[in-house]
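K.L.:
Structure for this input, please:
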Amino acid sequence: MTTWKRPYLLAASSAAIVLGQALAPGAGGYAASGSSSASSQLTFVGVTNLAGAGNDVTDSLNDWTGPSPAIPSHAPKNPTLVHVSAAGVPNPPGNPVVVDATQPGFNGIAHRNQRFAGTGAYLNTNFSLEPPDQGLCVGGGFVLETVNDALRVYTTSGTAVTPTQALNQFFQAKPSITRANPIVYGDFVSDPKCYYDPADGRWFLTSLQIDLVPSTGAFGARAHNYIGVSQTGNPAGTWNIYKFDVSDDGTNGTPSHTGCPCFGDQPLIGADASGFYITTNEYNLHPFGSIFNGSQVYAMSKAGLETGTNLRVVQINAGPLTTSLPSGGTAFSLQPATAPTADGNETARGGTEYFVSATDWGAAPAIGTRADRILVWALTNTSSLDSNKADVHLSFVALNSEVYVQPPNAQQRAGTRPLGDLLHEPLTLVAANDDRMNQVVFAGGRLWSGLNTAVQTANGPTRVGAAYFVVTPSVSGGAVSASIATQGYVAVNQENVLFPSIGVTGDGAALMTFTVVGPDFFPSAAYAKFDASGAVGDVHIAASGIGPEDGFSGYEHYGGADIARWGDYAAAVADADGTVWFAAEWIGPTQRTLLANWGTFVGHVTP
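P.N.:
Take a look at the predicted model:
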């Protein structure tokens, strides 16, 4: 979701403040640790069967033919491309670009599918949302894609096994909006992530949830995280649905945190041999997003989720742990790791789950702030999550790294824009959001991750690029240590590279996916392979965009500021056959709605 996601009919914004407590520096760099601080119980919601429960729109369901917005009377300003000072901005040489004319893959969920997903009481109950937060998981001959508040299952050949289903329907939440007279609001569901466990052959799907006031659509007083777990290896079959309260206001078994009731923004997921993990960024609900309590780490037994037993959730408030660092702030966006193979997890210290996070404490979108460290985290003794009394311990270490900088917004190529022309508004920029860490993979004893950064392209202005980090971690004596094996940048001269995600096979072959957009490119899905030394080669355009982003979130008529939402993240994951699957946002040939034209492309490559 990030706290500035733009759902139409439900806009939200926030500014974070820094809270926390001081900790002493540890040996070999700054380090800190914390133990299990709170425990709550998962609530069993019910059983969902995906077979036949969804809706795929046809050409006759095109809301572009519906009522047009009134032509605005204001004179919209021209978008201003903000340039970051070149001092201290990375200056990589730029990667060559190759257009793949026959890239294996298929069109995934587009805005049109997401908007009209659902059946029965859930038909026509989704919001129009930008951007398309992306979840992707692959295994056992299936591909599951989840975007914003919709999901669909495919075979690996790209054939849809299920229609597109609304996430509210899947999680048995109230419909987001019932378009009746009067309108009734239900549950806001967003930020899905999914994971296929190669050891157990089960599928996991998560999402945040916030109560809505039925009569107004304003945020209510409670928030939860949802977890779906498949009963078998077939994701198109039956799932068990759970939820747990993340309001953290001291009621319903939650701890009492500053400014709450709160919600868990952008839940991120990971897993090791014993545990399943969700991390969130905790913001208060009222006034929305004005207090930031840092990252919350939720750990639970993976076997317990699969069997419906031992349904305890251990919560650690990681936010205050980093305030002792030089220029330290409150920890945010701890990205948990997943391993591509069943035997690829860390077994030291009773089982260890790793996380990686960034240290640019500037509140997004504070363009131009910079950092030169990353944090590596370890949650140890995770095997205890299977016992009656979990005893896990969280520690981190700060590593000096290459510089990364809060990115500017991205220029895009001009083209046909039905909505922008109707509103008499100029071509928007594309939001690069910030430089938080994107997904993390633990493979071959190393952690792979990447993030957005500003880059100085050759003989040109600052653009958006990707910084990546390959880290060798270890745990000893209850503390984590780590070193950077390799790091670098991906950039395209004069263009922008947005929202990198890295997929890695069990053999250590890696691929990064992202969006390429700029003066010469409509938003396009792309990827680049890593070589054996950890360097990145050519940028491959897997799906060339056919027009500019032309969605509501960037236009002043709908409360935008000439900057359209994009991302918030891509996804890449390895399959057992050695291929890496990826999904990224682009502007493709799918039929648009009145409010948006984004799509997703799902492809696969052997690195």
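K.L.:
Stretch 105-112: end-to-end distance?
P.N.:
Taking C-alpha to C-alpha, to the nearest Å, stretch 105-112 runs 19 Å from one end to the other.
K.L.:
give the contact list for the residue nearest to residue 250 when sequence neighbours are not counted.
P.N.:
Among residues not flanking residue 250 along the chain, residue 256 sits closest, at 3.3 Å (C-beta to C-beta, 6 or more residues apart in numbering). Where C-beta positions appear, they are placed from N, C-alpha and C, glycine not excepted. When contacts are counted by C-beta atoms under 8 Å, 6 or more residues apart in numbering, residue 256 touches 248-250.
K.L.:
Among these, which one has the most neighbours?
P.N.:
Scoring the contacts of residue 256 on neighbours with other C-beta atoms under 10 Å, the highest-scoring entry is residue 248 at 26 neighbours.
K.L.:
was I right about it contacting residue 282?
P.N.:
Yes: in this structure, residue 248 is within contact of residue 282 by C-beta atoms under 8 Å, at 6.6 Å.
K.L.:
Neighbours of residue 180, how many?
P.N.:
7.
K.L.:
neighbours of the residue lying closest to residue 558 once chain neighbours are set aside, just the number please.
P.N.:
Nearest residue to residue 558 in three dimensions, chain neighbours excluded: residue 552, at 4.2 Å (C-beta to C-beta, 6+ apart). Each residue near residue 552 was counted by other C-beta under 10 Å, and the total is 24.
K.L.:
With residue 559 instead?
P.N.:
Other residues close to residue 559 by other C-beta under 10 Å number 12.
K.L.:
Please report how far it lies from residue 553.
P.N.:
As defined by C-beta to C-beta, to the nearest Å, residue 559 lies at a distance of 9 Å from residue 553.
K.L.:
and if you look at residue 376?
P.N.:
Applying C-beta to C-beta to residue 376 and residue 553 gives a distance of 34 Å.
K.L.:
cool, residue 435 as well?
P.N.:
21 Å.
K.L.:
neighbour-wise, which of those two wins?
P.N.:
Neighbour count, other C-beta under 10 Å: between residue 435 and residue 553, residue 553 has more, with 28 against 25.
K.L.:
Can you check what pLDDT the model gives that one?
P.N.:
If you check residue 553, the pLDDT there is 96.
K.L.:
Touching, it and residue 560? I think so.
P.N.:
Yes: at 5.4 Å, residue 553 counts as touching residue 560 under the criterion of C-beta under 8 Å.
K.L.:
Run a quick neighbour tally on residue 41.
P.N.:
Neighbour number of residue 41 under other C-beta under 10 Å is 12.
K.L.:
which residues sit in contact with residue 42?
P.N.:
Per C-beta under 8 Å, 6+ apart, neighbours of residue 42: 227, 242-244, 300, 305, 311-313.
K.L.:
If we use 6 Å, what do you get?
P.N.:
242, 244, 311, 313 (C-beta atoms under 6 Å, 6 or more residues apart in numbering).
K.L.:
Name only those of those that count as buried.
P.N.:
242, 244, 311, 313 (16 or more other C-beta atoms under 10 Å).
K.L.:
Dump these to TSV, plus pLDDT, distance to residue 528 and secondary structure.
P.N.:
Below are these laid out as TSV (pLDDT from 0 to 100; distance: C-beta to C-beta, whole Å; DSSP: H, G, I helix; E, B strand; the rest coil):
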residue	pLDDT	distance to residue 528	secondary structure
242	98	37	strand
244	97	38	strand
311	93	41	coil
313	96	38	strand
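K.L.:
Nearest to residue 447 among those residues?
P.N.:
residue 313 (24.5 Å; C-beta to C-beta).
K.L.:
wait, doesn't the closest one sit right on residue 298?
P.N.:
Yes: at 5.3 Å, residue 313 and residue 298 qualify as touching, with contact defined as C-beta atoms under 6 Å.
K.L.:
And the next helix or strand past the longest strand seen in the chain?
P.N.:
The single longest strand within the chain, with elements called by DSSP state E, is strand 462-476. The helix or strand immediately downstream of strand 462-476 is strand 479-490, counting by DSSP states H and E.
K.L.:
ok, and for that following strand, which residues are buried?
P.N.:
479-482, 484, 487-490.
K.L.:
could you redo those as TSV and give each row pLDDT?
P.N.:
Output for the buried residues of strand 479-490, formatted as TSV (pLDDT from 0 to 100):
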residue	pLDDT
479	91
480	97
481	97
482	98
484	98
487	98
488	97
489	97
490	98
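K.L.:
Return the per-residue confidence for the nearest residue to residue 140 once chain neighbours are set aside.
P.N.:
Closest residue to residue 140 apart from its sequence neighbours, by C-beta to C-beta, 6+ apart: residue 233 at 4.8 Å. Here the pLDDT value assigned to residue 233 is 97.
K.L.:
Do I have it right that residue 233 meets residue 139?
P.N.:
No: the criterion here is C-beta under 6 Å, and residue 233 misses it with residue 139 at 7.7 Å.
K.L.:
Assign a three-state SS to residue 384, would you?
P.N.:
Assigned with DSSP: H, G, I helix; E, B strand; the rest coil, residue 384 falls in the helix class.
K.L.:
Contacts only, for it.
P.N.:
Residue 384 neighbours (C-beta under 6 Å, 6+ apart): 390-391.
K.L.:
so what pLDDT did it get?
P.N.:
pLDDT, residue 384: 97.
K.L.:
Please compute how far stretch 306-313 lies from its chain's middle.
P.N.:
25 Å (C-alpha atoms, centre = their mean, to the nearest Å).
K.L.:
Buried residues of it, list them for me.
P.N.:
Neighbour count says stretch 306-313 has 306, 310-313 buried, by 16+ other C-beta under 10 Å.
K.L.:
beta partners of residue 312?
P.N.:
Here residue 312 sits in beta bridges with residue 41, as judged by DSSP bridges.
K.L.:
if I look at it, how far off is residue 461?
P.N.:
52 Å.
K.L.:
Run through the chain and note the low-pLDDT ranges.
P.N.:
1-37, 52-80, 363-365 (pLDDT under 70).
K.L.:
where along it do the helices fall?
P.N.:
With DSSP state H as the definition, the chain shows helices at residue ranges 111-115, 167-170, 302-307, 418-423.
K.L.:
Perfect, I'm done here.
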